[in-house]
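**Q** generate coordinates for the sequence data below:
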Amino acid sequence: MSFKGNKVWVAHDSKNSLLLKKDRALIKYNLNQDYDYWVHENALKPEDQAVPAGQKKKKEQTLSPEQDPDVRHCIRIYTDGASSGNPGPSGIGVLLVYKDNRKEISECIGTATNNIAELAAIRRALSCLKRKDLPIRIYTDSAYAVGLLTQKWHPRTNQGLANEIKAILSTFDDIALIKVKGHAGIKENEVADFLATSAIKKGPS
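**A** Coordinates of the predicted model:
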């Protein structure tokens, strides 16, 4: 099918119907894509509505290639949390990328669990954003954080922190959390991991 002019693969069930979760379909821009990307089913169009690569605007061709063409104009955020002891001394790492601009954050958050550090990294990243009209994509290797913030989980712990982050997320026009594989060679994710672990070694500022 096509999504925003791009040809995509769409997951179907055994009856050849769209595989849906809360009215959203699972798509991939290429079959090697290692994270889940869900879009509203109404946003999907027939394959013949995809714009052939040779007919795309020149300004699109000059952009750096990404696994996901839909993020070329987005603020991309890579977050990670680390804990030595779980609970123990913890740190957060954040890398924000927008066009040619980059910002790195490495902070010790004291004693915490790894899950709290993962959530704290996302909250810290959101606190840096001044524009809420631009599309935002947050990448994390924490299945816990993605599940807690995007699905109807009812955790026994960290619910207050999760609700705080959800409230902040709701103030943005276009924002999504994307789960990526940890230590899988994704450069920006490795940077976020380094920033988080370095913060533990540096200790409180």
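
**Q** which residues touch Leu95?
**A** Ile77, Tyr78, Thr79, Arg102, Lys103, Glu104, Ile105, Glu188, Val191, Ala192, Leu195 (Cβ atoms under 8 Å, 6 or more residues apart in numbering). Any C-beta I mention is one placed from the backbone N, CA and C, and that applies to glycine too.

**Q** mind listing the helices for the chain?
**A** Here the chain has its helices, by DSSP state H, at 58-61, 114-127, 143-150, 159-169, 187-202.

**Q** buried subset of the contacts of Leu95?
**A** Ile77, Tyr78, Thr79, Ile105, Glu188, Val191, Ala192, Leu195 (16 or more other Cβ atoms under 10 Å).

**Q** pLDDT-wise, which helix or strand of the chain ranks last?
**A** helix 58-61 (a mean of 32; mean pLDDT, DSSP states H and E).

**Q** need the winner for burial among the helices of the chain.
**A** helix 114-127 (a mean of 22; mean count of other Cβ atoms under 10 Å).

**Q** ok, which pair from the buried ones among the contacts of Leu95 is furthest apart?
**A** The largest separation in the buried ones among the contacts of Leu95, counting by Cβ to Cβ, is between Ile105 and Glu188 at 13.2 Å.

**Q** which one of the buried ones among the contacts of Leu95 is nearest to Trp153?
**A** Thr79 (18.5 Å).
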